[in-house]
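Chemist: just to be clear, the model below is a prediction. Sequence and coordinates:
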Amino acid sequence: MNSMRIDKWLWVARFFKTRSLATDDINKGRVQVNGLVAKPSRDVKAQDTVLIRQGDMTRTVLVLGLSPMRGSAPVAQALYQETPESLSLRAKVSEQRHLAHEPALSIEHGRPTKRDRRELQRAGQGWGDRWSASVDD
């Protein structure tokens, strides 16, 4: 086997769970082969460079081999080698994601609990005589 379709190779190499998911990402322009945007029918061969964007992660891999069928993860990992630049970029993005501010922490006051509502009512800040939630000015 000298060459193989890129959508099938991405599925065999376990970058995508199904071949149709691989085809969808290829059609969206998220896969490049040797610097050119690929189509699902594009053939790849050993020593080709494949760039794959999945979410906020970009991988650049060198094709080392082809397989006619999908195998286990260790077999799939033997089909490619990730470039050192790609590994360092992934580590950097992972670290930035880990150190990023958690959006949920910016919420200071959410919906009051039952205890909070009772305390508000005791303090005179309840609904009072109002018949709706709108603020009357």
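Modeler: Sure thing, it's come through.

Chemist: CA atoms for contacts and neighbours, from now on please.
Modeler: Fine.

Chemist: distance between the ends of stretch 33-50?
Modeler: Start-to-end span of stretch 33-50 (Cα to Cα, to the nearest Å) is 5 Å.

Chemist: what about Ser41, distance to Leu87?
Modeler: For Ser41, the distance to Leu87 (Cα to Cα) stands at 28 Å.

Chemist: that's a helix at Leu105, yeah?
Modeler: Yes - assignment of Leu105 by DSSP: H, G, I helix; E, B strand; the rest coil places it within a helix.

Chemist: tell me the confidence at it?
Modeler: You'll see Leu105 listed with a pLDDT of 70.

Chemist: please apply the same query to Gln125.
Modeler: pLDDT for Gln125: 62.

Chemist: go on, Arg59?
Modeler: Per-residue pLDDT puts Arg59 at 94.

Chemist: next up, the contacts around it.
Modeler: Neighbouring residues of Arg59 by Cα atoms under 8 Å, 6 or more residues apart in numbering: 51-53, 82, 86-87, 90.

Chemist: doesn't it belong to a strand?
Modeler: Yes - assigned with three-state DSSP, Arg59 falls within a strand.

Chemist: distance of it from Thr113?
Modeler: Relative to Thr113, Arg59 is positioned 46 Å away (criterion: Cα to Cα).

Chemist: which of the contacts of Arg59 are buried, as a PyMOL select command?
Modeler: Buried members of the contacts of Arg59, defined by 16 or more other Cα atoms under 10 Å, are picked up in PyMOL with:
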select buried, resi 51+52+82+86+90
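
Chemist: next step: the contacts of Arg59 restricted to helices.
Modeler: Per DSSP state H, helices hold the following members of these: 86-87, 90.

Chemist: got phi/psi on the residue nearest the centre of the chain?
Modeler: For the chain, the residue sitting closest to the mean C-alpha position, by Cα atoms, centre = their mean, is Gly55 at 3.4 Å. Main-chain dihedrals, Gly55, degrees, to the nearest 10: phi 70, psi -130.

Chemist: cool, thanks, talk later.
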